[in-house]
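Trainee: Sharing a sequence plus its predicted fold:
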Amino acid sequence: MTRKLILSSPLLEITISRLCQELIENQIDGIETVILGLQPRGIYFAEKIAQELSKHLPTTPLIGKLDATFYRDDYRRREQLAPNSTDIPFLIENKRVILCDDVLATGRMVRSALDAMNSFGRPAKVELCVLIDRIYNRDLPIHPDYVGKSVNTMATEKVLVEWKEQGFTSDKIWLITNQ
Amino acid sequence: MLKSPHLLGIKELDEESIHLIVKTAKEFKEVLNRPIKKVPSLRDVTIANVFFENSTRTRLSFELAEKRLSADTINFSASGSSVKKGETLLDTVNNILAMKVDMIVMRHASPGAPHYLAKHIKANIINAGDGTHEHPTQALLDTFSLQEKLGDLAGKNIAIIGDILHSRVALSNIYALKKQGANVRLCGPSTLIPKHIQSLGVEVSHDVASTLKWCDAANVLRIQLERQQIKYFPSLREYALTFGINRKMLEELPKEIVLMHPGPINRGVELSSDAADSPHSIILDQVENGVAVRMAVLYLLAQRQ
């Protein structure tokens, strides 16, 4: 097994700042933007996006956590699926929702997240923002609107994300290869 | 993941599984407060609710939990069925299973009936009450409701007051509370407390006032007149005067306690109306949590085929 560092400080901060510029660029007049981080690790990425956005906007955008475990299509087809908490302390009806996740691969998680989000209301627009896009890994026709870094990975490779909030010494994104 | 594909009783459940169920129930409670309260998890599962004994709350709660999980459900009650024509339990259930049912939720008047079924059929069995033996989902929802109020139950003093002898809720709660390290005291007339119950590690008292003073939470049980073939106490009035709880008793306590009841309440017997409706009471929270706990149990067991 080999591991290769693909993103870490200071490039990570630059990437997040660039993503936020793009998010601001695409703001819609009169429509509030809210952020939903996908459990389990997308919530840390979402927090970073919200923090960075607050530097450039008069108000910090509202941020929530969304867990899509109950909506997955592989339930009863694989071993354990323990749910995480969902916490959306605001209405998403008629708002611009930015779904944030750390890694986009098959797109199945995003599909279930869209279902989960719909049980909270009908947003005006939903956009997908991911830190790492594993292109050529998609099982579903899902495409991100904002991408931190695209990586071309094979089935034997895996992207591992380590966040400081999870107890790691620093934020690091690795590419793991199983030989 | 749960170790067994069945939920037959709390006795067979370890502490880790109790925590897993309660944690999952917490997430389902959040789901139940969304504008759309339904998740698609069990859309390929069919569940039969087989009730050989009367039930309102448990049956409605299970049925709602199943529907919230998108499962298909069928309901069976013994009255008006072929059970009356002499069909055996195993034949009845096997006939239901032949219709491609994945899980059975069963209530039966005979203790051990779900254990017997689990040995003989291929489906997940959930015990919704077997005679005077166990009622595991009630104990789990009581645990969830208690944890919401008191946090971790280790070292907490929990009293179970009333008809312990005929109560499956009492036995399941004793197992659940002891596994979580709580101190349990049973209180009731000596005729309604089983002999040798102390061997489960519980205290026994016959004085309601001192028990209420001792406890952090009191789970008050119904006098089950339908199960009492002989007279265990002189009259309901005497029972109410000796073991009944009213609001004045609760307000005179040095600290606020949590008051629970698995329902249905005999108002004016074990609980006065003003006590049942007092701010101490979490009786309706228990009912709300019941749906979330049953969703958690069904969700976790469906993974175990």
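Mentor: Structure's in. What do you need?

Trainee: The closest residue to residue B:55 other than its chain neighbours sits in which helix or strand?
Mentor: Counting by CB to CB, 6 or more residues apart in numbering or on different chains, residue B:55 lies nearest to residue B:107, which is 5.7 Å off, once chain neighbours are set aside. C-betas here are computed from N, CA, C, even on glycine. Residue B:107 is part of strand B:103-108, with elements assigned from DSSP states H and E.

Trainee: list the contacts for the residue nearest to residue B:55?
Mentor: B:50, B:51, B:52, B:53, B:55, B:58, B:59, B:127, B:128, B:129, B:130 (CB atoms under 8 Å, 6 or more residues apart in numbering or on different chains).

Trainee: could I get those as CSV with pLDDT?
Mentor: Shown next, in CSV, are these (pLDDT from 0 to 100):
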residue, pLDDT
B:50, 92
B:51, 92
B:52, 90
B:53, 88
B:55, 86
B:58, 93
B:59, 93
B:127, 96
B:128, 96
B:129, 94
B:130, 93
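
Trainee: which strand residues sit across from the closest residue in space to residue B:113 that isn't next to it in sequence in the sheet?
Mentor: Closest residue to residue B:113 apart from its sequence neighbours, by CB to CB, 6+ apart: residue B:130 at 5.1 Å. Beta-bridge pairing for residue B:130 (DSSP bridges): residue B:108, residue B:134.

Trainee: Next up, phi/psi of the most centrally placed residue in chain A, please.
Mentor: The residue lying closest to the centre of chain A (CA atoms, centre = their mean) is residue A:101, at 1.1 Å. The phi/psi pair for residue A:101 (degrees, to the nearest 10) reads phi -140, psi 160.

Trainee: so who does the closest residue to it other than its chain neighbours touch?
Mentor: Spatial nearest neighbour of residue A:101, chain neighbours left out: residue A:42 (3.8 Å); criterion: CB to CB, 6+ apart. Each residue near residue A:42 by CB under 8 Å, 6+ apart is listed here: A:99, A:100, A:101, A:102.

Trainee: Settle this for me: the second one is touching residue A:127, isn't it.
Mentor: No: using CB atoms under 8 Å, residue A:100 is not in contact with residue A:127; the gap is 9.6 Å.

Trainee: which of the two has more neighbours?
Mentor: residue A:100 (27 against 17; other CB atoms under 10 Å in any protein chain shown).

Trainee: partner residues bridging the more buried one?
Mentor: For residue A:100, the beta-bridge partners are residue A:37, residue A:129 (DSSP bridges).

Trainee: need the strands for the chain, in chain order.
Mentor: You didn't pick a chain, so chain A it is. For chain A, the strands defined by DSSP state E cover A:2-8, A:33-38, A:62-66, A:96-104, A:125-135, A:146-152, A:157-162, A:172-177.

Trainee: if you could check chain B rather than the one you did, that'd help
Mentor: Using DSSP E, the strands of chain B run over B:46-51, B:72-77, B:103-108, B:124-130, B:157-161, B:183-187, B:203-205, B:217-220, B:258-260.

Trainee: Go through those strands and find the least confident stretch.
Mentor: Of all the strands of chain B, mean pLDDT reaches its minimum on strand B:72-77 (a mean of 90).

Trainee: CA atoms of that one as PDB?
Mentor: In PDB, the C-alpha atoms belonging to strand B:72-77 read as follows (Å, rounded to 0.1, in the frame of the first residue of the first chain):
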ATOM      1  CA  ASP B  72     -45.200  -3.000   3.500                       C
ATOM      2  CA  THR B  73     -47.300  -4.200   6.400                       C
ATOM      3  CA  ILE B  74     -50.000  -6.700   7.100                       C
ATOM      4  CA  ASN B  75     -52.000  -7.000  10.300                       C
ATOM      5  CA  PHE B  76     -53.300 -10.100  11.900                       C
ATOM      6  CA  SER B  77     -55.400 -10.400  15.000                       C
END
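
Trainee: Provide a list of residue ranges in chain B with pLDDT below threshold.
Mentor: Applying pLDDT under 70 to chain B flags residues B:80, B:82, B:305.

Trainee: Identify the residues contacting residue 57.
Mentor: You didn't say which chain, so I picked chain A. With contacts defined as CB under 8 Å, 6+ apart, residue A:57 is in contact with residue A:24.

Trainee: Sorry, I should have been clearer: chain B.
Mentor: Neighbouring residues of residue B:57 by CB under 8 Å, 6+ apart: B:263, B:264, B:287, B:290.
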